[in-house]
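**Student:** Give me coordinates for this.
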Amino acid sequence: MEKIKKLFASKPDILSGNIYKTVLLLGAPIMLSHFIQTLYSMTDAFWLGKVGRAALIAPSITFNLIFVILAFAGGLAGAGLTMVGQRKGAKEADMVNRISENTILVVLIFASLLAGLGFAFSSQILSLLNTPPDAFKETQTYLRITCLGVPFVFGYYIFQGLMQGYGDTVTPLKLSAMTVLLNMLLDPLLIFGLKPIIPPMGVAGAAIATIFSESLSASIGIYMLHTGRYGIKTSFKNFRFDFSIVKEMVKIGVPMSLSQIGTALGFAVLMGFVNSYGSAVAGAYGVGNRVLNMLMVPAIAFQVACTAMIAQNIGAGQVKRVTEIVWKTVLINFAVVLTMSTILFFFGSFITRLFINDSEIIKIGDSFFKIISYSMLLVSMMGIFLAPYQGSGNTLTILYMEILRLWFLRIPIVFLVSKIMGYQGIFWGIFISNIITIAVAYAVFKSGKWKKNTERFVLQAPALKGEDGAS
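**Tutor:** This is a model prediction of the structure:
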């Protein structure tokens, strides 16, 4: 235990350290942070499942819609991660700070705009998604409250992305752990009430608890960046937009935003299709999707760690090290996700029962996990194979891959197979599309086209290495 504590207390050596160790040092805190963040929605689902089927469906449907709202801002924050990582590797401290300041303001502006649109058109959006009539009112309430808090919620993700690009994944973890605990305490209090002090609020209470907790984390995170104690120092006293930074942010971030929007819309369309099979299938799919999001947490963590390492190594002109980083990250990911997939395969019905005691939903949920679990093992590696494209700033390729994955593979295949097999065809369609997706992602990685954006850093590398004596 003492050795483990010492390992994770050490500072990752991103440019020259052992790759396995560095991936774990960066990835483990990201993994825990994502697990904790996922607990926000998992906690909502757990307590709302005790209220009833209609209440459980509300966060399931809203999840994909909120992701649409956050996607554009998320892409710009991802651009900030790439740009900060590259400049950190190139030892340009002043640029790191200026990039961070511009990212914070630009992302918050767009997040506010998109949140307003989501609130104003909530009724029309839910109608387009074939939201079950018995769940429509509660879903709209949950969606509207969540939209109001989106600008504050995204403040935390800005902080997290910038710190990850800088190479600090522990500080966001500590902040996330503190605020999720608050959410877990508030959820049952606001959902069921505490008479006579707090009236029961149901679905609205779950949304309020989440928004309040994440707003607090956003405020603390932005303040941490302002203090300069964590590597990045933001000061808006004499701030002005640096349009060269904004231009680069848009060039890198817009394709990432569009890929996330395309992904979110694709999952929203898929959710609408699932809804047409009734509330039992929608409920089982909603629970299953949330659990699979937990399964994907390690893959996302390793992908982010891999991307941060790649960005800094590219900034330092160490392009040859990128391929080694990718393959060693893939091996770590395979070992972790294989274990989790096996657990879901054998204990799917038990896991579904934890959320809702409905025999029909439990039966469908068991089928969901039996069919899909192991395909997630392969598709979990897609982001790692595409990490060199984000790390180098070549994000158009990521956009094309996301469009292909959902709109040309998953949605058409799910539609066709479900016409033959009924609701189980939804699950088999996802399985088939996952297998094809990972084959294409591997081919894209092997093509090496991500290297086109690295020449300027390679040319600067000798001077950089001469400054600190590194090789």
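**Student:** how close does Lys137 get to Pro59?
**Tutor:** Look at Lys137 and Pro59: by Cβ to Cβ, to the nearest Å, they are 14 Å apart. (C-beta placed from N, C-alpha, C; glycine too.)
**Student:** Compare those two (neighbour count), which wins?
**Tutor:** Pro59 (28 against 14; other Cβ atoms under 10 Å).
**Student:** Now that one: closest residue in space, sequence neighbours ignored.
**Tutor:** Of all residues not flanking Pro59 in the chain, Asp44 sits nearest, at 4.7 Å (Cβ to Cβ, 6 or more residues apart in numbering).
**Student:** what about Ile435, how many neighbours?
**Tutor:** With other Cβ under 10 Å as criterion, Ile435 counts 12.
**Student:** Kindly indicate whether it is helix, strand or coil.
**Tutor:** helix (DSSP: H, G, I helix; E, B strand; the rest coil).
**Student:** which residues of the stretch 1-150 of the chain fall in helices?
**Tutor:** 2-9, 19-51, 53-89, 93-120, 122-128, 136-148, 150-166 (DSSP state H, counting those that start in this stretch).
**Student:** same question, the stretch 151-300 of the chain
**Tutor:** 170-192, 203-227, 243-275, 279-315.
**Student:** Just give me how far the longest one sits from the chain centre.
**Tutor:** In this view, helix 279-315 has its centroid 6 Å away from the chain centroid, taken as Cα atoms, centre = their mean, to the nearest Å.
**Student:** got it, and the third one?
**Tutor:** Using Cα atoms, centre = their mean, the distance from the centre of helix 243-275 to the centre of the chain it belongs to is 12 Å.
**Student:** Counting neighbours, which bits of it end up buried?
**Tutor:** For helix 243-275, burial by neighbour count (16 or more other Cβ atoms under 10 Å) applies to 245-246, 248-250, 252-275.
**Student:** OK, contacts around Ser341?
**Tutor:** Contact analysis of Ser341 by Cβ atoms under 8 Å, 6 or more residues apart in numbering lists 295, 373-374, 376-377.
**Student:** cutoff 6 Å now
**Tutor:** Ser341 makes contact with 373-374, 376-377, according to Cβ atoms under 6 Å, 6 or more residues apart in numbering.
**Student:** Need the mean per-residue confidence for the helix or strand containing it.
**Tutor:** Counting by DSSP states H and E, the element that carries Ser341 is helix 321-355. When pLDDT is averaged along helix 321-355, the result is 91.
**Student:** Check stretch 92-109 too.
**Tutor:** 87.
**Student:** Can you mark which positions in it are buried?
**Tutor:** By 16+ other Cβ under 10 Å, the buried positions in stretch 92-109 come out as 92, 95-104, 106-108.
**Student:** Give me the distance from it to the chain's centre.
**Tutor:** That offset, for stretch 92-109, works out to 21 Å (Cα atoms, centre = their mean).
**Student:** Give me the contacts around that stretch.
**Tutor:** Stretch 92-109 has contacts (Cβ under 6 Å, 6+ apart) with 73, 76-77, 80, 83-84, 87-88, 151, 158, 162, 232-234, 239, 242, 245-246.
**Student:** try stretch 251-261
**Tutor:** 68, 71-72, 74-76, 78-79, 82, 393, 395-396, 398-399, 402.
**Student:** Please convert the buried members of those into ChimeraX selection syntax.
**Tutor:** Buried residues among the contacts of stretch 251-261 (16+ other Cβ under 10 Å), as a ChimeraX selection:
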select :68,71,72,74,75,76,78,79,82,393,395,396,398,399,402
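**Student:** Taking the contacts of stretch 251-261, tell me the two that lie furthest apart.
**Tutor:** Spanning the widest gap among the contacts of stretch 251-261 are Val68 and Gly393, at 24.2 Å by Cβ to Cβ.
**Student:** so of the helices of the stretch 151-300 of the chain, which one's packed in deepest?
**Tutor:** Mean neighbour count (mean count of other Cβ atoms under 10 Å) peaks for helix 279-315 among these, with a mean of 25.
**Student:** and it, average pLDDT?
**Tutor:** 89.
**Student:** Give me the nearest residue to Gly78, chain neighbours excluded.
**Tutor:** Closest to Gly78 by Cβ to Cβ, 6+ apart is Met256, at 4.7 Å.
**Student:** again, but for Met163
**Tutor:** Among residues not flanking Met163 along the chain, Pro172 sits closest, at 5.4 Å (Cβ to Cβ, 6+ apart).
**Student:** so where is this protein shaky, pLDDT-wise?
**Tutor:** Scanning the chain for pLDDT under 70 picks out 1-10, 38-42, 53-54, 63-64, 67, 455-471.
**Student:** JSON lines please, covering the buried residues of stretch 92-109 and showing distance to Glu360.
**Tutor:** Converted to JSON lines, the buried residues of stretch 92-109 look like this (distance: Cβ to Cβ, whole Å):
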{"residue": "Glu92", "distance to Glu360": "58"}
{"residue": "Met95", "distance to Glu360": "57"}
{"residue": "Val96", "distance to Glu360": "54"}
{"residue": "Asn97", "distance to Glu360": "55"}
{"residue": "Arg98", "distance to Glu360": "56"}
{"residue": "Ile99", "distance to Glu360": "51"}
{"residue": "Ser100", "distance to Glu360": "50"}
{"residue": "Glu101", "distance to Glu360": "53"}
{"residue": "Asn102", "distance to Glu360": "51"}
{"residue": "Thr103", "distance to Glu360": "47"}
{"residue": "Ile104", "distance to Glu360": "47"}
{"residue": "Val106", "distance to Glu360": "47"}
{"residue": "Val107", "distance to Glu360": "42"}
{"residue": "Leu108", "distance to Glu360": "43"}
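**Student:** Hmm, Asn313 is touching Val319, no?
**Tutor:** No: between Asn313 and Val319 there is no contact under Cβ atoms under 6 Å: 7.4 Å.
**Student:** which of the contacts of stretch 92-109 are buried?
**Tutor:** Here, 16+ other Cβ under 10 Å leaves 73, 76-77, 80, 83-84, 87-88, 151, 158, 162, 232-234, 245-246 buried among those.
**Student:** Out of those residues, which comes closest to Thr323?
**Tutor:** Nearest to Thr323 out of the buried ones among the contacts of stretch 92-109 is Lys88 (Cβ to Cβ; 20.9 Å).
**Student:** Would you quantify the distance from the closest one to Gly78?
**Tutor:** Distance of Lys88 to Gly78, computed by Cβ to Cβ: 16 Å.
**Student:** Met376 too?
**Tutor:** Counting by Cβ to Cβ, the gap from Met376 to Gly78 is 22 Å.
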